[in-house]
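[1] I need the structure of the sequence given here:
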Amino acid sequence: MMRSCGRVIAVLLLLSALLVLGSAGAADRPNLLFISIDTLRADHLSCYGYQLPTTPSIDQIARNGTRFAQARSAAPWTLPSFATMFTGRYPTRHGAGAEGPVRNIADQLPRPMAPGLQTLAGSLRRSGYRTAAITSNPYLHLGPLQDYQEVTAKTVRADRIGALARDWVVREAGRQPWMLWVHFNDPHEPTMASDARLAELGFGPEILDHPERDELERWGTEEAFLGNPDLGDDELAARLRTKLALYDASILDVDTEIGRILETLHRGGELSNTLVVVVSDHGEEFHDHRAVGCMRNEDPRGIYGIGHGHNLYEEQLHVPLILMGPGAQAGLVIEQSFSLVDLMPTLLGHLRVPLTADIDGVDRREWIADAQREDLSCAAESIAYGPERKSWFDGRYKLHADDMGNPVGIYDLDADPDELVDLTAFLDSLTVAGLREQLLEWNEAALVAAPPPADPGELSSEMREGLRSLGYVE
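    As a prediction, this is how the structure comes out:
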């Protein structure tokens, strides 16, 4: 069934491409469909090399668009990451996130995004776009949802989010231009994958009828908690296999809905004039650096090796990014590193909408078109659990540092993309000093332009319940 759906999407995309070629110049105000998938690490998409066919619809988007193989988020959790994507500012400069010498968003209110910043939605709205958002993560109310004329926020699964998006597209058909942000939360805890998608990926009764399946939609029971540093490796590995199966099937659930949205756009004659973005806010750790977490013992929750928000390793920062439609070259793969801080100005450039704010991000259209392009430096910050960490990636070496810029880890991502061999004690001192100087220069510039802290206020009971359902608060 899914292979058939994938073939349908391929045909639809081909037809839409032909329509674009046949009607160039007829419509000069493309729509923007911004699709985001929470907690989606890049290496679990089949178009990024994953061994399971988790993303047949997204794979077709990638084949008909531009795929960024090395896109990186500016933060390892939802609120500061989306605020960066929609303002083109690093977390220090938009203000959204946690604060304090040791952070723990399980028991502290995060700071909302500073008011009055130029956003992607606000820029499009001022240029005559209708803006709408259909989302499923309560943290988005703390800034990323500002400037949308219409907001539907429900903590529901992919099939409901997809249905709401298709209904909106049908209702708005022919009334161009518009921006629709559709955010799926399914890979995030609780990872509630459907039986149908588990079966499509080849998982049998050992997963479908697993006695701890309900518990592992989160991270297990207190006695068999995947973040428990005291459980044995064999016991953890067995449960982790089930958790990963649920994660992969939840991705396929979302992918199925993305295919249905594209089909609806095509039937309404909108797909050929719609710039489609597929992206994630951050990834997820599945014991990738559990040993390091246990050794450093920095997480105030006493949880190690799972989830997100607690470090700046690649499993949390390396995310998918694909653009398809007007202005995006079909079949192009960008192998060089790209920061999501540049996404907002680049999209505005594609849509020919002016950017008037002084931001960190840069319109990278010329860089994308340059066959001799080089890696872009990528910075990240805004830890949610533990002491603040910052990272700087120069295209080869990645520096992890404390809030003062002192190294806590250095990795050669060319030779060691999984960041398993810390080179701090072995790397040439000039290389270390150069990386640290670049990080400090970036951090100082951000601090100079940082907005005053925004008042977090009080969380509504509805928002608190939504955060509790996602495992953020007790």
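[2] what about the longest helix belonging to the chain, distance to the chain center?
    When the chain is scanned for its longest helix (criterion: DSSP state H), the result is helix 233-267. Relative to its parent chain, helix 233-267 has a centroid offset of 15 Å by C-alpha atoms, centre = their mean, to the nearest Å.
[3] report the buried residues of that helix.
    236, 239-240, 242-266 (16 or more other C-beta atoms under 10 Å). Glycine gets a C-beta too; all of them are placed from N, C-alpha and C.
[4] swap in stretch 384-402?
    By 16+ other C-beta under 10 Å, the buried positions in stretch 384-402 come out as 384-394, 397-401.
[5] just give me the closest of those to residue 279.
    Nearest to residue 279 among those, counting by C-beta to C-beta, is residue 393 at 18.2 Å.
[6] tell me the bridge partners for that closest one.
    According to DSSP bridges, the residues that bridge with residue 393 are residue 378, residue 398.
[7] in this structure it contacts residue 413, no?
    Yes. Counting by C-beta atoms under 8 Å, residue 393 does reach residue 413; the two are 7.0 Å apart.
[8] where does pLDDT dip in this protein?
    1-27, 455-474 (pLDDT under 70).
[9] quick one: contacts of stretch 398-412?
    Stretch 398-412 is touched from outside by 311-312, 314, 387-393, 396-397, 413, 419-424, 427, 432, 435-436, 439-440, 443, with contacts defined as C-beta atoms under 8 Å, 6 or more residues apart in numbering.
[10] how long is that stretch end to end?
    End-to-end distance for stretch 398-412: 7 Å, by C-alpha to C-alpha, to the nearest Å.
[11] next one: stretch 49-62
    End-to-end for stretch 49-62, by C-alpha to C-alpha: 12 Å.
[12] would you mark the buried spots in whichever strand or helix holds residue 295?
    Using DSSP states H and E, residue 295 sits in helix 290-296. Neighbour-count burial for helix 290-296 flags 290, 292-293 (criterion: 16+ other C-beta under 10 Å).
[13] can I get these in a markdown table including distance to residue 129?
    Converted to a markdown table, these look like this (distance: C-beta to C-beta, whole Å):
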| residue | distance to residue 129 |
| --- | --- |
| 290 | 45 |
| 292 | 45 |
| 293 | 43 |
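[14] and of these, the nearest to residue 124?
    Among the buried residues of helix 290-296, and counting by C-beta to C-beta, the member closest to residue 124 is residue 293, at 40.5 Å.
[15] who are the contact partners of the closest one?
    Contact analysis of residue 293 by C-beta under 8 Å, 6+ apart lists 229, 299, 304-305, 310-311.
[16] hang on, the earlier thing: could you point out which element follows the helix holding residue 295?
    The C-terminal neighbour of helix 290-296 among helices and strands, as given by DSSP H and E, is strand 306-307.
[17] neighbours around residue 269, how many?
    Applying other C-beta atoms under 10 Å, we find 12 residues neighbouring residue 269.
[18] where's it relative to residue 405, distance?
    Counting by C-beta to C-beta, to the nearest Å, the separation of residue 269 from residue 405 is 53 Å.
[19] what of residue 59?
    According to C-beta to C-beta, residue 59 stands 40 Å off from residue 405.
[20] with residue 161 instead?
    According to C-beta to C-beta, residue 161 stands 41 Å off from residue 405.
[21] who has more neighbours, the two?
    Shown here are residue 161 and residue 405; by other C-beta under 10 Å, residue 161 has more neighbours (23 against 19).
[22] name the element that one belongs to?
    With DSSP H and E as the criterion, the answer for residue 161 is helix 158-172.
[23] what does residue 83 give?
    Assigned by DSSP H and E, residue 83 falls in helix 78-87.
[24] and the next helix or strand past that helix?
    Downstream of helix 78-87, the first helix or strand assigned by DSSP H and E is helix 91-94.
[25] list of residues touching that next one?
    Here helix 91-94 makes contact (C-beta under 8 Å, 6+ apart) with 74-75, 80, 83-84, 87, 97, 113-114, 117, 143, 359-360, 381-382, 443, 446-447, 449-451.
[26] what's the next secondary structure element after it?
    Once helix 91-94 ends, the next helix or strand along the chain (criterion: DSSP H and E) is strand 102-104.
[27] residues contacting the very next helix or strand once past that next one, please?
    Heading C-terminal from strand 102-104, the first helix or strand you meet, by DSSP H and E, is helix 120-126. Defining contact as C-beta under 8 Å, 6+ apart, one finds that helix 120-126 is touched by 32, 34, 85-87, 131, 133, 146-149, 177, 179, 181, 344, 347-348, 351, 353-355.
[28] just the buried ones among those residues, please.
    32, 34, 85-87, 131, 133, 146-148, 177, 179, 181, 344, 347-348, 351, 353, 355.
[29] export stretch 170-181 to CSV, keeping only CA atoms.
    The C-alpha trace of stretch 170-181 is given here as CSV (Å, rounded to 0.1, in the frame of the first residue of the first chain):
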residue,chain,number,x,y,z
VAL,A,170,-9.2,22.8,0.2
ARG,A,171,-10.8,25.8,1.9
GLU,A,172,-8.1,28.2,0.7
ALA,A,173,-7.7,26.8,-2.8
GLY,A,174,-7.3,29.5,-5.4
ARG,A,175,-6.9,32.3,-2.9
GLN,A,176,-3.2,32.9,-3.3
PRO,A,177,-0.8,33.6,-1.8
TRP,A,178,-0.7,31.9,1.5
MET,A,179,1.7,30.4,4.1
LEU,A,180,0.7,27.3,6.0
TRP,A,181,2.9,25.9,8.8
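[30] hmm, who's touching that stretch?
    Residues outside stretch 170-181 that contact it (C-beta under 8 Å, 6+ apart) are 27, 29-34, 36, 120-121, 124, 128-135, 148, 165, 168-169, 264, 268-270, 273.
[31] buried sites along that stretch?
    Buried, per 16+ other C-beta under 10 Å, within stretch 170-181: 172, 176-181.
[32] now, the residues you listed that are in helices?
    Counting by DSSP H, these place residue 172 in helices.
[33] which positions in stretch 291-310 come out as buried?
    If you call a residue buried by 16+ other C-beta under 10 Å, then stretch 291-310 has these buried ones: 292-293, 298-299, 303-310.
[34] same check, this time on stretch 112-123
    112-114, 117-123.
[35] now do the end-to-end distance for it.
    Taking C-alpha to C-alpha, stretch 112-123 runs 20 Å from one end to the other.
[36] swap in stretch 425-432?
    End-to-end for stretch 425-432, by C-alpha to C-alpha: 10 Å.
[37] now do stretch 60-74
    With C-alpha to C-alpha as the measure, the ends of stretch 60-74 fall 27 Å from one another.
[38] now that stretch: how far from the chain's centre is it?
    How far stretch 60-74 lies from its chain's middle: 12 Å, per C-alpha atoms, centre = their mean.
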